[in-house]
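A.B. asks: Give me a model of this one.
(chains A and B)
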Amino acid sequence: MDDHDAEENGISNNLPPEANGTGALETPQPPGADAAEKDFKKEPLCTVMEISVSESERRYNGSMNLTEYYTAYLIETRVTEPTFGGALSRQGALWRRYSEFETLAGYLGEAYPYVVTPPLPEKRASHVWQKLATDPFDSEFIDRRRVGLESFLLRVASHPILSWDSIFLRFIQDERDWKEIVTGTGYLEKVERQLKSLNATIRVKKGDSRFDELLTYGRELETHLSSVLRSRARLTDATYAVRRQHASYGRVLSQWSAVETQMGDGLQRAGHYMDAHAASIDTFVEEEEVYIDQLKEYMYYAAALQAVCHKYTMRQYQLERLDDTLSQLSQRRENALQGKPSLMWRLLGSVDTDEVREMKVADIDQQVTDTEQQIRQHTEQLSEFVEKALEDVQRFHSRKVKDLRETIVNYMKLQIRICKKGLQTWRHFRDCVDSLEGQPPPVPPPQEIGSP
Amino acid sequence: MASPTMATLDVTQEAAVKPSVLNLADESSMIDEVNNSQYIATPSVASVSWDDLDPTDTRDLQIKVDDPQKHVTSMETYITFRISTKTSRAEFDDSEYSVRRRYNEFLWLRARLTEAYPTHIVPPLPEKHSLLGQLDRYQRDFIRSRMALLHRFMNRVADHPVLSCNDSFKLFLVSKPSEFAVHRSRGRSVLNRVSESLHGLTTAGVQSRSPEIQRVLDYAEKLSDKLTALEKASSRIHKDKTVMIGEMQRLHPTLTLMSASEPELGPLLRAAAGAVSRCAAAEQAVTDAQPAQLEQPLREYVLYAEAIREALGRRDAVQAQFEATAAEIQRKEAERAQVNAGHAPSGLSWVFSRATPEALKAEEEKLGKQLHQLKVDLESLNDRLECANSNLLADMERWEKLKVRDISQLLGAMGDSQINFYEELGAGLAITAGRRSLRGSSEQREERQSLL
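C.D. replies: Down below sits the predicted model:
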């Protein structure tokens, strides 16, 4: 086995074990519960359990020299289907911090490589164009992150395969030893191997073109969403600035009204509406951010889609390398049969004895058998991967269509509301202006005295 | 196009020379744009062009300033504007006139008007150089703005019962270039003398002003402040809106590209792209209207505040002269009292000559004559001062009414512009969001079910 060589290159001929998704927790179960659970597993977990990330709390790890502050999030679960017995308790609540979510996401990505894994919200705002709260301790940022974490858990819980994973079920219900159990699955090593393999440029000779298309699509989606988000951020900044200038209008009109006799009242009221116009933008921007976060989620989803394609490519590459190995072996067998071990023959011109020849051939035959078996295994697993991956991609597509449609329509509805509010404000302004000229017609001016 | 025959003519006669008028159809620069631009409506002129006779404009003197043309001579390059006049006044021989004038000639006219009516508020001209940075960017905007303010100036003068009867004004409107040049050179030396003497006096200062006059001065200062602040705010809004529009225009192609790779979301994304570019176009229309609607009227009134202060300055000059004369009378009275008491008045000439009774008597007579003259002067100055005060206050009263009308039109236009914008945009968005084809089939099913 060329295990060591492969390890060095970060590519293993040993395939990562796929999770079998039975999801049974190692806690005492009421009798007959197993049977009941299996029926439920036809549908994702969310059909029988409600999950929410309802609160956040600032905590600190006091230690010798350093006090580390972090935020903890409260995960609450509630079983909604009375006959479901697979939960630890009917109602549960526990606190987790962001890094634990990261661990879960990393584990799921490795345990289910063919799944387009739901994305986590960002650790910190990594995009420079975002001028919003980036401080991990800013309450606005924390709350948006809380919403993102809840969305993550709900997406996992809505997934027919992921939602029944035992590690996930533990994550949302059971604090005991979770870290140790996860580490015990050995997913970390696989993550490292995965990262190493991504760095190497992998060329496959005859990959499935569907994955090429998917990769292209994933990149396009990511690029488009990134462009949209960038433009939108600049647009909102400019819009915000324009609105704020109307507060200047308001202030000036109000100051001006103090100087005017006839127009004073009207100007004062008009100024008041300019202030209102400026102030109303805040709530709208807040709501807009919700939709922006939803678009951002799909930008990361697109990255997850690309990751699945990479995993396919890696597996295809491994298969092709096995094929290469096989053809190398058959060549070596030829040489061995003729008793020509390359090095010795070239140096000394000696030929193997019959005995040695037979031994070598037998040895190679063993390798060939092993390799052929590996190839069979690998091919089977690869086609299973392809089938499951394409199935999950379909799921992803239909979810994406639904989610993005909702986001876009909601965004438009928000814009309509902004228009309505703007219209109302400016109509009031117009009324105030109309009242400026409310005096009776002018009296003719006193007699002019011409210039001397 | 006649070539310039310049050799022996001096500069004051340049209007008599036929400079080459560039046919600007081939120049892609500023002037063509301004030629084709809309006639800039002002509160006093309701009609858009002479061609469609506006029945509501019943004034007996209507003036239009438009059609800027670039003139290139070997000495300089300058721009002239067409001044078109329509009048039914008896003192004009014809009912229609059309002449071309350049900015310097407007300056001349205004100088004549302030010279002839020093204590009236003479309407302001646009500045020689632009102060606001944004006008320097495109010369086209600068010329458009200058032309609009020149138009306002002419109509303000035409509407003024006293100023519009001035001879120089009439000459300005009707004279052909050669006649006009003659008149201009004739008036020049007089102007210089008068302005110098006035300038010398204004630096003398006054002791105190009557409350109404002081109020006018204070008001003019405050108004200037407030309007300048409004100008600044609207200039910033203009900049931010330009950024906004740019980003919206960038969103359109991104969304369109995205729609190409999303089969189910395609129609919705294209509709969103359409909505975004409609919004950008609507914003552009509002921004384009801003100079004529808001910036030019504001600028005029800022300049008007300055013109009011100038008129006050000239009035102050009369008061200063009055006060100086009164002070002189007091001094002479004191001297005469001294002489009557038999003392020599203080003065260098008396150091050497003796204070004989004859010398004292001669001095007393001289003082008497001087005092008599001074008192006559004082009375005429008193009349002048009273004229000046009542002229100024009358003009202010007239101006106040104009101001209320103009300001309410200015703010009203701002309001209307925004109301139109939000109405159009809101309607467009509502149609887009409501369109059946954009919503998912599942949403439509739900809707149908909810209706049952």
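A.B. asks: just for chain B, where's the confidence low?
C.D. replies: Along chain B, the model assigns pLDDT under 70 to residues B:1-56, B:130-138, B:187-205, B:344-355, B:436-452.
A.B. asks: So which residues of it form helices?
C.D. replies: B:30-36, B:103-116, B:133-137, B:139-159, B:167-174, B:177-202, B:211-261, B:266-290, B:296-340, B:349-352, B:357-434, B:441-451 (DSSP state H).
A.B. asks: Let's have those helices in JSON lines, adding mean neighbour count and distance to chain A.
C.D. replies: C-beta here means a position set from N, CA and C on the backbone, and glycine is covered the same way. Listed next are these as JSON lines, based on neighbours: other CB atoms under 10 Å in any protein chain shown; distance: least, CB to the nearest CB, whole Å:
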{"stretch": "helix B:30-36", "mean neighbour count": "15", "distance to chain A": "26"}
{"stretch": "helix B:103-116", "mean neighbour count": "19", "distance to chain A": "6"}
{"stretch": "helix B:133-137", "mean neighbour count": "14", "distance to chain A": "15"}
{"stretch": "helix B:139-159", "mean neighbour count": "22", "distance to chain A": "12"}
{"stretch": "helix B:167-174", "mean neighbour count": "19", "distance to chain A": "12"}
{"stretch": "helix B:177-202", "mean neighbour count": "14", "distance to chain A": "12"}
{"stretch": "helix B:211-261", "mean neighbour count": "18", "distance to chain A": "4"}
{"stretch": "helix B:266-290", "mean neighbour count": "18", "distance to chain A": "6"}
{"stretch": "helix B:296-340", "mean neighbour count": "19", "distance to chain A": "10"}
{"stretch": "helix B:349-352", "mean neighbour count": "10", "distance to chain A": "35"}
{"stretch": "helix B:357-434", "mean neighbour count": "17", "distance to chain A": "4"}
{"stretch": "helix B:441-451", "mean neighbour count": "10", "distance to chain A": "8"}
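A.B. asks: Secondary structure class of residue A:55, three-state.
C.D. replies: strand (DSSP: H, G, I helix; E, B strand; the rest coil).
A.B. asks: Look at the closest residue to it other than its chain neighbours and give its secondary structure.
C.D. replies: In space, residue A:55 comes closest to residue A:74 once its chain neighbours are excluded; the distance is 4.1 Å by CB to CB, 6 or more residues apart in numbering or on different chains. Secondary structure for residue A:74, judged by three-state DSSP, is strand.
A.B. asks: Residue A:74: neighbour count?
C.D. replies: When counting by other CB atoms under 10 Å in any protein chain shown, one arrives at 15 neighbours for residue A:74.
A.B. asks: The one 5 residues further on too?
C.D. replies: Residue A:79 is surrounded by 18 other residues when neighbours are defined as other CB under 10 Å.
A.B. asks: For it, what are phi and psi?
C.D. replies: phi -80, psi 130 (degrees, to the nearest 10).
A.B. asks: That one contacts residue A:87, correct?
C.D. replies: Yes - with contacts counted by CB atoms under 8 Å, residue A:79 reaches residue A:87, the gap being 4.9 Å.
A.B. asks: Give the full set of residues in contact with residue A:68.
C.D. replies: By CB atoms under 8 Å, 6 or more residues apart in numbering or on different chains, the contact set of residue A:68 is A:60, A:61.
A.B. asks: give me the element it is part of.
C.D. replies: strand A:67-79 (DSSP states H and E).
A.B. asks: What's the first helix or strand after that strand?
C.D. replies: Counting by DSSP H and E, what follows strand A:67-79 is strand A:91-97.
A.B. asks: Check which helices and strands that next one is in contact with.
C.D. replies: For strand A:91-97, the contact count by 3 or more CB pairs under 8 Å, 6 or more residues apart in numbering or on different chains; DSSP states H and E identifies strand A:67-79, helix A:166-173 as packing neighbours.
A.B. asks: ok and the last one relative to strand A:67-79, angle-wise?
C.D. replies: Computed by axes from the mean of the first three to the mean of the last three CA atoms, to 10 degrees, the angle separating helix A:166-173 from strand A:67-79 equals 100 degrees.
A.B. asks: buried ones in whichever helix or strand comes after helix A:166-173?
C.D. replies: Next in sequence after helix A:166-173, counting helices and strands by DSSP H and E, comes helix A:178-184. Neighbour counts over helix A:178-184 (16 or more other CB atoms under 10 Å in any protein chain shown) mark A:178, A:181, A:182 as buried.
A.B. asks: From those, list the ones also adjacent to chain B.
C.D. replies: Contacts with chain B are made by none of the buried residues of helix A:178-184, judged by CB under 8 Å from any CB of the partner chain.
A.B. asks: can you put those in a markdown table and add distance to residue A:437 and pLDDT?
C.D. replies: Output for the buried residues of helix A:178-184, formatted as a markdown table (distance: CB to CB, whole Å; pLDDT from 0 to 100):
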| residue | distance to residue A:437 | pLDDT |
| --- | --- | --- |
| A:178 | 74 | 88 |
| A:181 | 79 | 89 |
| A:182 | 75 | 87 |
